Structures are given as structure tokens and as C-alpha cells.
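Trainee: after the sequence you'll find the predicted model.
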Amino acid sequence: NAGVTQTPKFQVLKTGQSMTLQCAQDMNHNSMYWYRQDPGMGLRLIYYSASEGTTDKGEVPNGYNVSRLNKREFSLRLESAAPSQTSVYFCASSPGQGAYEQYFGPGTRLTVT
Amino acid sequence: AQTVTQSQPEMSVQEAETVTLSCTYDTSESDYYLFWYKQPPSRQMILVIRQEAYKQQNATENRFSVNFQKAAKSFSLKISDSQLGDAAMYFCAYRSAFAGGFKTIFGAGTRLFVKA
């Protein structure tokens, strides 16, 4: 039982390049999330998927797109990376909303130069 | 919109002593959930404790307990008998019990140092 896995763990991009961050969970959770973590700001929600087939914007969605490929996988795409997207990205999953605990992946450190 | 504020960027505690981390939040909702998450140097976020707003009794998990003051919108975390492994970033978080319950609002975090 691996929990939530993310690939890659580290990535360096040049401004304007694109990339996709992959996330998968093996806990049969309905809901999945993408966050970014910046120094002094905690975690901020980028997008979430309440259930398979649905996606919704979070607090900071600009510059990102997501795909809920199936119940297990939820990817985050940067179409044209900008230095402001330098951050640590976390994927998380939970059985549902409200009181449910979120389970987090190990994070991806992305640097855009 | 809801906000979560952690006013202590850093705290320090001696091993075996007790420390309290502060968290205040702002919301107009009557029902919600509050969480404390721990992020050790490995970056892996782990749930420490959870509190339902409709419950008056403060949540407790082993050495971790909360002081939940609903009227004051305060949710502090007390760590008793601190251990070296408690050194980490601690994040306070809010989640609605209503339709917005997929969105978690995190505070900026408090870094806890534990001295041997």
C-alpha cells in the first residue's frame, strides 16, 4: 500500500516550457487535490476533483490545468511555466469532503528559471 | 471567505516540556472542521488531530490535545512531553461542513524546534 505517489520528485524548467506532474493513490479515495506550498504562505489549493469525472478550481488555479484520468490518477499540467510557479507541489486524496483526513504525497519541488 | 492565522512563525520547547501552538480563524459558518497537520523535514504532511465544531469536547490524541474556543474562533494545539521527533512545521487548517467542504484553508505554519 503506497498511499499517494507523485512523480517527479524534482524538476527544473525554463520559462515557457510545459510539463505534467503525475499523482496516483491506491486507497480507493473519491477526492483528489493539488496544492502548492510557498515559504510563509502554507498550502494553497490549486484544483481539486471531488469525484471521478469532475474537477473544480481552488484558490490559485491560474496557469494550471488538471485531468482526473480515472479514480486513481490526477495530473497537474503547466502549459507555459513562469518563475512565479516555482514552488513545492503536493497531491492529496481523501475519501470525501468535510471531516475526512487528507493523505498527502511526498511533494514535487519545481524550479522555473 | 474563511481565513486561518498562525501568529507564531517559530516556537521552541525543551524536550519533555509542554508547548502550545496558536491558531485563530475567521468564518461566518456555524459548522466546520479544524485540523492540525505536521510536516517534518521529510515534507510528508501527516494529520495530528481533528476537531468538529459542533463538539464542545476538546479532541485528544495521546500527547496532543487542542483547546477549541468556538466563540473566540481559536484552536490551539498543546504538545505534552515534547520529543525530538515532534520537531516539524505545524499547520492549522479549516474545512467547511457545507458545500465547500472540499476546500481546505491552511495557515502559514509554525516551525517547532525541540531542544535536547
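Mentor: Arrived safely, thanks for sending. Numbers count the residues shown, from 1 in each chain, chains lettered A, B, ... in the order given.
Trainee: so the most centrally placed residue in chain A, which of the three states?
Mentor: For chain A, the residue nearest the mean C-alpha position is residue A:34 (2.8 Å; CA atoms, centre = their mean). Counting by DSSP: H, G, I helix; E, B strand; the rest coil, the backbone at residue A:34 sits in strand.
Trainee: can you check residue B:85 too?
Mentor: helix.
Trainee: where's it relative to residue B:116, distance?
Mentor: 12 Å (CB to CB, to the nearest Å). C-beta here means a position set from N, CA and C on the backbone, and glycine is covered the same way.
Trainee: which one's more surrounded, those two?
Mentor: Neighbours were counted for residue B:85 and for residue B:116 using other CB atoms under 10 Å in any protein chain shown; residue B:85 has more, 9 against 6.
Trainee: contact partners of stretch B:108-116?
Mentor: A:40-42, B:5-6, B:8-15, B:19, B:21-22, B:39, B:79, B:82-84, B:86-91 (CB atoms under 8 Å, 6 or more residues apart in numbering or on different chains).
Trainee: list the ones among those residues that fall in strands.
Mentor: Assigned to strands by DSSP state E, the following of those qualify: B:5, B:10-14, B:19, B:21, B:39, B:79, B:88-91.
Trainee: which of these count as buried?
Mentor: The neighbour-count test (16 or more other CB atoms under 10 Å in any protein chain shown) marks B:11, B:13, B:19, B:21, B:39, B:79, B:88, B:89, B:90, B:91 as buried among the ones in strands among the contacts of stretch B:108-116.
Trainee: so who does the third one touch?
Mentor: Read that as residue B:19. Residue B:19 makes contacts with B:11, B:13, B:78, B:79, B:82, B:112, as judged by CB under 8 Å, 6+ apart.
Trainee: on the three-state scheme, the last one is what?
Mentor: The three-state assignment at residue B:112 reads strand, by three-state DSSP.
Trainee: how much space between it and chain A?
Mentor: 15 Å (CB to the nearest CB, to the nearest Å).
Trainee: what does the second one give?
Mentor: For residue B:13, the distance to chain A (CB to the nearest CB) stands at 21 Å.
Trainee: tell me what the residue lying closest to that residue once chain neighbours are set aside is bridged to.
Mentor: Of all residues not flanking residue B:13 in the chain, residue B:19 sits nearest, at 3.8 Å (CB to CB, 6 or more residues apart in numbering or on different chains). Counting by DSSP bridges, residue B:19 forms beta bridges with residue B:79.
Trainee: the residue nearest to the spatial centre of chain B: what's it in contact with?
Mentor: Ranked by distance to the mean C-alpha position of chain B (CA atoms, centre = their mean), the top residue is residue B:36 at 3.2 Å. With contact set as CB under 8 Å, 6+ apart, residue B:36 has these partners: B:21, B:23, B:47-50, B:64, B:66, B:75, B:77, B:90-93.
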